[in-house]
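Peer 1: let's see this in three dimensions:
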Amino acid sequence: MKPPPYVLSQGVLATIGNALSQAFNVGIGTSHEAIKPQHEARPHVPSVRQRSKAQRPNEGHARTIVEGRWGMCEFTSKCANIIQSWNPAVLGLLDSLPYDEEVVVWGRRWIVKTSTLGERHGCGVYACEDIIVEDSASCRREGPTLFPYDGPIYKRRHWNMILTQHPEWKTFALEMDTFAGSIRRHSDGRVIDGDPICSGNIAGFINSTVGTRPKRRVNCEWVFVEGPPPAPYGQTYHEDHCLVIATRTIKSGDELFAHYEWS
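Peer 2: Next up, the predicted model:
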């Protein structure tokens, strides 16, 4: 008579199975994902700096390409978010500005041609009609509005950031708030024009009297205005803009001159 086969109990089988699973990291009758380590690691808590970076995932990868006077210019990081775009139609200006031809801008006739300062100064803006300014109005900086400046308006500190990536843009930059009585700090001053100049930006062709020989007389200046321009020129909301106003009587044929410092 043969002895009865030795049958392992369920408790012994469970013990052997646990030993094998620990030795080979393989579970019996369970999936690999169901096995948990004996000592779980502490959860990683990001620092304040790491959390701030995680909230701005695209800042380091921001990229903007604009067509400038010297070709395509690429801006990255914070500069890509600072670069502004604009539309001349928002301020009621022309899409393109012809040379040596009369154009009507905001109800007045103008012509853009070679400046009286010489060819090296480029073009200038000439009045095609008389614009009378009362003496009292010129003293209060409330002369007749000629036309708006059409283009981006940058804060000084933002403009300095732009120049770190494309220094050549300073060639056509001019500083606002340089008139007598301005109390703005240099870092908060506004910078306009620059490169590229919008095709309909007639204000970009006004030359400065600084360093001219013989000294030219100022007959207009830029004024910063908060809010949209008057109708019918600004039907679309515009946060703020710059207007060119006359500071003295301008005769037909006179070139416009303003006092401003180059960046």
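Peer 1: from here on, just use CA atoms for contacts and neighbour counts.
Peer 2: Fine.
Peer 1: who is residue 131 paired with across the strands?
Peer 2: Beta-bridge pairing for residue 131 (DSSP bridges): residue 250.
Peer 1: neighbours around it, how many?
Peer 2: A total of 16 residues lie near residue 131 under the criterion other Cα atoms under 10 Å.
Peer 1: likewise for residue 199?
Peer 2: Based on other Cα under 10 Å, the number of other residues close to residue 199 is 16.
Peer 1: state the distance from it to residue 131.
Peer 2: Going from residue 199 to residue 131 by Cα to Cα, to the nearest Å gives 25 Å.
Peer 1: quick one: residue 162 is in a helix?
Peer 2: Yes. When DSSP: H, G, I helix; E, B strand; the rest coil is applied, residue 162 is found to be in a helix.
Peer 1: list the contacts of it.
Peer 2: For residue 162, the contacting residues are 79, 83, by Cα atoms under 8 Å, 6 or more residues apart in numbering.
Peer 1: when you give positions from now on, start the count at 27
Peer 2: From this message on, residue numbering opens at 27, which makes the last subject residue 188.
Peer 1: what's the pLDDT at it?
Peer 2: Listed pLDDT for residue 188 reads 89.
Peer 1: do you know how far it is from residue 101?
Peer 2: 8 Å.
Peer 1: excluding chain neighbours, what is closest to residue 286?
Peer 2: For residue 286, ignoring the flanking residues on the chain, the nearest one in space by Cα to Cα, 6 or more residues apart in numbering is residue 234 at 5.9 Å.
Peer 1: what about that neighbour, how many residues close to it?
Peer 2: Residue 234 has 21 nearby residues by other Cα under 10 Å.
Peer 1: that one and residue 281 touch, don't they?
Peer 2: No. Residue 234 is beyond contact range of residue 281, at 11.0 Å (criterion: Cα atoms under 8 Å).
Peer 1: quick one: mean pLDDT over stretch 141-158.
Peer 2: 92.
Peer 1: ditto for stretch 269-288
Peer 2: Per-residue scores along stretch 269-288 average to 90.
Peer 1: just the C-alpha atoms of that stretch, please, in PDB.
Peer 2: In PDB, the C-alpha atoms belonging to stretch 269-288 read as follows (Å, rounded to 0.1, in the frame of the first residue of the first chain):
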ATOM      1  CA  LEU A 269      -1.200 113.400 -31.200                       C
ATOM      2  CA  VAL A 270       0.800 115.900 -33.100                       C
ATOM      3  CA  ILE A 271      -0.400 119.400 -32.300                       C
ATOM      4  CA  ALA A 272       0.700 122.700 -33.800                       C
ATOM      5  CA  THR A 273       2.500 125.000 -31.400                       C
ATOM      6  CA  ARG A 274       2.800 128.000 -33.800                       C
ATOM      7  CA  THR A 275       1.200 129.200 -37.000                       C
ATOM      8  CA  ILE A 276       2.300 127.000 -40.000                       C
ATOM      9  CA  LYS A 277       2.200 128.500 -43.500                       C
ATOM     10  CA  SER A 278       1.500 126.500 -46.600                       C
ATOM     11  CA  GLY A 279       4.900 125.000 -47.700                       C
ATOM     12  CA  ASP A 280       6.400 124.900 -44.200                       C
ATOM     13  CA  GLU A 281       8.100 121.800 -43.000                       C
ATOM     14  CA  LEU A 282       7.100 120.400 -39.700                       C
ATOM     15  CA  PHE A 283       9.700 120.400 -37.000                       C
ATOM     16  CA  ALA A 284       9.600 119.200 -33.400                       C
ATOM     17  CA  HIS A 285      12.100 119.200 -30.500                       C
ATOM     18  CA  TYR A 286      12.900 115.700 -29.400                       C
ATOM     19  CA  GLU A 287      15.900 113.700 -28.300                       C
ATOM     20  CA  TRP A 288      17.000 110.600 -30.100                       C
END
